[in-house]
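# here is a sequence with its predicted model. Questions after.
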Amino acid sequence: MSSAYTESLNKLIEEFGKLPGVGPKTAERLAFYILKARADEAMALAKAIEDVKNKIKRCEICYNLAEQAVCQICTDERRDKSLICVVEQPKDVISLEKTGTCKWVYHVLGGHIAPLEGIEPGDLTIEQLIRRVREDNAREVIMATNPNMAGDGTTLYISSLLRNTGVKITRLARGLPTGSTIEYASGKMLTDAIIGRQQLE
Ligand SMILES: [Zn+2]
């Protein structure tokens with residue numbers, strides 16, 4: 001980094017440079033933008049970052065992102081609480097919600113099982129899901145893990161644990177390209193996958 005910059009400007013460029021998709025040139029441009037911005041505008045950005053880190057927590061029921069103890073979806077009276085859609089990440093909830101077809105509630109696992117990466121079932125919210133299915137008398141669990149090896153493995157593992165609860169287990173139809181992720185699927189593709197979901201044996 002140029003020694004022509006002051007210490008704090010160098011630090012800001014360095015921090016921007018850590019963001020995904022931001023190269024050195026962009027980091028420099030962003031830092032100069034902040035330098036020139038009005039103080040209240042620059043502080044609003046700093047405050048937004050602070051709030052995201054301080055206020056956002058996990059919903060006590062579904063582990064989705066929430067600013068209260070329970071998220072907005074879990075408190076929504078119009079949702080059918082007996083249908084639980086299981087996803088890997090909060091971003092997947094957003095993708096599925098954008099289709100406008102979901103009347104269910106969610107359960108966010110917090111990832112997928114990947115022993116080689118050191119992610120064991122105990123690192124995810126699987127135990128909580130099984131308890132929830134039993135206690136809430138769920139009618140259907142819709143598995144919406146990513147259609148790739150890790151996602152499929154996680155779905156198989158969970159469905160084996162749910163087998164003796166008597167709940168119906170389905171998964172999104174295979175309109176989703178194998179090896180892809182829920183996050184990057186188009187709205188139309190996801191809607192078809194939701195409507196065409198199939199029962200898991
Ligand atoms: Zn929730």
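Perfect, I can see it now.

# quick check: residues of the protein near the ion?
Taking C-beta under 5 Å from the ion as the test, the list of the chain residues beside the ion reads 59, 61, 62, 64, 71, 74. C-beta here means a position set from N, CA and C on the backbone, and glycine is covered the same way.

# around the fourth one, how many other residues sit close by?
Meaning residue 64. For residue 64, the number of neighbouring residues by other C-beta atoms under 10 Å comes to 22.

# other residues contacting the longest strand seen in the chain?
Selection of the longest strand in the chain by residue count, based on DSSP state E, yields strand 80-87. Applying C-beta atoms under 8 Å, 6 or more residues apart in numbering, the external contacts of strand 80-87 come out as 93, 96, 102-109, 129, 132-133, 136-145, 155, 158, 182.

# mean confidence for the helix ranked longest in the chain?
For the chain, the longest helix by residue count, based on DSSP state H, is helix 39-55. Confidence over helix 39-55 (mean pLDDT, whole number) is 95.

# CA atoms only: put the longest strand of the chain into CSV for me.
Listed in CSV are the C-alpha atoms of strand 80-87, where the atom choice follows Å, rounded to 0.1, in the frame of the first residue of the first chain:
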residue,chain,number,x,y,z
ASP,A,80,-48.7,-23.5,8.5
LYS,A,81,-46.5,-24.6,11.5
SER,A,82,-46.9,-28.3,10.7
LEU,A,83,-44.9,-27.9,7.4
ILE,A,84,-41.2,-27.5,8.2
CYS,A,85,-38.9,-26.7,5.3
VAL,A,86,-35.3,-27.6,6.1
VAL,A,87,-32.5,-25.4,4.6
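
# nothing else from me, thank you.
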